[in-house]
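> I need the structure of the sequence given here:
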Amino acid sequence: MRLAIAARGGLLVLSWNAVQAGSADLTDGHDVVLHEFAHQLDAEGGTMDGTPQLDWEHYSIGSRVAGLEYAALCKAVEDERPTHIDPYGASNAPEFFAVIVEQFFERPRALRLQHPALYTELSGFFRWDLAARIDERGALKL
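Numbers count the residues shown, from 1 in each chain. The predicted structure is shown next:
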């Protein structure tokens with residue numbers, strides 16, 4: 001049984017069990033809702049290719065930084081080296097984008113520390129410096 005489906009046209013089907021599992025630990029870097037909504041953002045430009053673009057801003061995460069990070073993740077997975085980004089992101093560019101969105105929202109401070117240029121790209125894309133809003137205990141500062 002599939003846990004989630006993100007289809008063209010904005011259709012999103014999620015397994016309730018997967019939603020609950022993803023929200024059980026808000027810092028594990030895995031959340032099916034974030035992952036599948038990232039695919040929806042990616043598809044906004046008409047193609048799910050790992051390079052979402054918001055028409056109103058003409059900003060694309062498919063930058064040189066993201067490309068270099070994706071290539072580095074693929075190489076690390078190929079070499080069987082541990083990675084800070086979920087190895088599933090090496091499957092293809094759309095999965096890479098979805099996985100780094102999960103990391104951005106669930107592990108922003110770690111992403112900023114381990115992949116600062118990628119974190120900066122995502123902060124610009126979402127227009128939010130989430131890591132700056134997380135205190136030392138991991139709580140969101142309002």
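> and the helix or strand A110 falls within, what does it pack against?
Using DSSP states H and E, A110 falls within helix 108-114. Applying 3 or more Cβ pairs under 8 Å, 6 or more residues apart in numbering; DSSP states H and E, we find helix 108-114 packed against helix 93-106, helix 116-126. Glycine gets a C-beta too; all of them are placed from N, C-alpha and C.
> give me the contacts around the shortest one.
Helix 116-126 is contacted by residues 52, 59, 61, 63, 65-66, 69, 100-101, 104, 108, 111-112, 129-131 when judged by Cβ atoms under 8 Å, 6 or more residues apart in numbering.
> just the CA trace of the host helix or strand of A18, in CSV.
Per DSSP H and E, A18 falls inside helix 16-24. Extracted in CSV, the C-alpha atoms of helix 16-24 (Å, rounded to 0.1, in the frame of the first residue of the first chain):
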residue,chain,number,x,y,z
TRP,A,16,-3.4,8.9,8.0
ASN,A,17,-1.0,6.4,9.6
ALA,A,18,1.8,7.9,7.6
VAL,A,19,0.7,11.4,8.7
GLN,A,20,0.7,10.4,12.3
ALA,A,21,4.0,8.7,12.1
GLY,A,22,5.6,11.7,10.4
SER,A,23,4.3,14.1,13.1
ALA,A,24,5.3,11.9,16.0
